[in-house]
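**Student:** Sequence isn't available, so here's the structure alone:
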Ligand SMILES: Nc1nc2c(ncn2[C@@H]2O[C@H](COP(=O)(O)OP(=O)(O)OP(=O)(O)O)[C@@H](O)[C@H]2O)c(=O)[nH]1
């Protein structure tokens, strides 16, 4: 009995041992399987990430290609007014003679390029054709593109928002209805996409509707708006906004201003008061004073810009509604006659429809359709 007991006891021990071994083996198998699975998962994740990266590059590339098409499409009215007419001129007037240049001048002037700018542009094309010994009008298209881009391309169109002192302050000025509010929203959206912290200030306290409209846009974009009641002192709004931007470590503060040109003196007084407050709080600010101009107003836009330039020290122009006008030629006029760079252009009502102005792209988009028609 004692033997059996001992035997059973030994057997139990052996079984226990075997079970422990089996458990350890199962544990090891499980661990190995988990490790393998994890490695596989990691590998798949990396692959997915890589494919994602490639996909992103591809999307970006498509976007770039799509961007030009979109830009070209938005310029279709202006292009019909300039590009197509120039192509017709080239077709009907084979020789680069005085008649050709006179007609070219006329097309440009009629398309709101402005007299002074048109004359200069044509003179530059004439000189360049002579220098390059081009006598055949069919070959002049590239020269026209080149000289158009040259007139526009002398400016730096980038926005000065990478500042030592934070926040960078952008003061936005312009008459009512030019597209100020929507341009501010589009700008805020663009900076947000670049992971910048943006704050808006409702400096147009003259109309409650202006404050409300900006609030709607701020909510839509997902940025904070500093506002006071209708009729409040715009200077006080700006003062609060700067302090809020500093406290919240905002990268960029965009300030809306009133736009009543009817009372020019008061409007300008108000804007310069706001400017002084900004300068007092942040000596290097405002870093940009962007004037919003409606492209559909053609040459009137140029005289409007002159007034603002004198009063507010405009550093750049946002030219809106380029998509809705045949008068896009004013881009050239503004650049040349006012010596202010067009920094951004509005080409539609969508959030992404405010684009950095690119002179070469503009010249291409303006004159390319003509080539397609050839
Ligand atoms: N097609 C097109 N429409 C635009 C563009 N920019 C602005 N708009 C439209 O123009 C209209 C006026 O724009 P707002 O931003 O309200 O103009 P505002 O200057 O703020 O005008 P107030 O609020 O009256 O001061 C709106 O219907 C905008 O959607 C653009 O680039 N293209």
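**Tutor:** Ah, there it is. Just so you know, these numbers come straight off a predicted model, no measurement behind them.
**Student:** only C-alpha atoms for contact and neighbour calcs from this point on.
**Tutor:** Fine.
**Student:** how near is residue 250 to residue 290?
**Tutor:** According to Cα to Cα, to the nearest Å, residue 250 and residue 290 sit 19 Å apart.
**Student:** Could you check which of those two is surrounded by more residues?
**Tutor:** residue 290 (24 against 17; other Cα atoms under 10 Å).
**Student:** Going toward the C-terminus from whichever strand or helix holds the more buried one, what's the next helix or strand?
**Tutor:** Using DSSP states H and E, residue 290 falls within strand 288-294. The helix or strand immediately downstream of strand 288-294 is helix 299-312, counting by DSSP H and E.
**Student:** Next SSE downstream of that following helix?
**Tutor:** strand 316-320.
**Student:** Who does that following strand pair with, and is each partner parallel or antiparallel?
**Tutor:** Strand 316-320 pairs in its sheet with strand 288-294 (parallel), strand 342-346 (parallel), by DSSP bridges.
**Student:** Quick one: closest of those strands to residue 67.
**Tutor:** Nearest to residue 67 among the strands paired with strand 316-320 is strand 342-346 (13.2 Å), distances taken as Cα to Cα.
**Student:** Quick check: buried residues in the closest one?
**Tutor:** For strand 342-346, the neighbour count (16 or more other Cα atoms under 10 Å) marks 342-346 as buried.
**Student:** next one: stretch 118-135
**Tutor:** 118-119, 121-122, 124-126, 128-129, 134.
**Student:** Serialize the residues you listed to a markdown table and add fields for secondary structure, distance to residue 102 and pLDDT.
**Tutor:** Putting the buried residues of stretch 118-135 into a markdown table (DSSP: H, G, I helix; E, B strand; the rest coil; distance: Cα to Cα, whole Å; pLDDT from 0 to 100) gives the following:
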| residue | secondary structure | distance to residue 102 | pLDDT |
| --- | --- | --- | --- |
| 118 | helix | 10 | 93 |
| 119 | helix | 9 | 94 |
| 121 | helix | 12 | 93 |
| 122 | helix | 9 | 95 |
| 124 | helix | 13 | 93 |
| 125 | helix | 12 | 94 |
| 126 | helix | 11 | 94 |
| 128 | helix | 16 | 92 |
| 129 | helix | 15 | 92 |
| 134 | coil | 17 | 87 |
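**Student:** so which of the strands paired with strand 316-320 gets nearest residue 83?
**Tutor:** strand 342-346 (19.0 Å).
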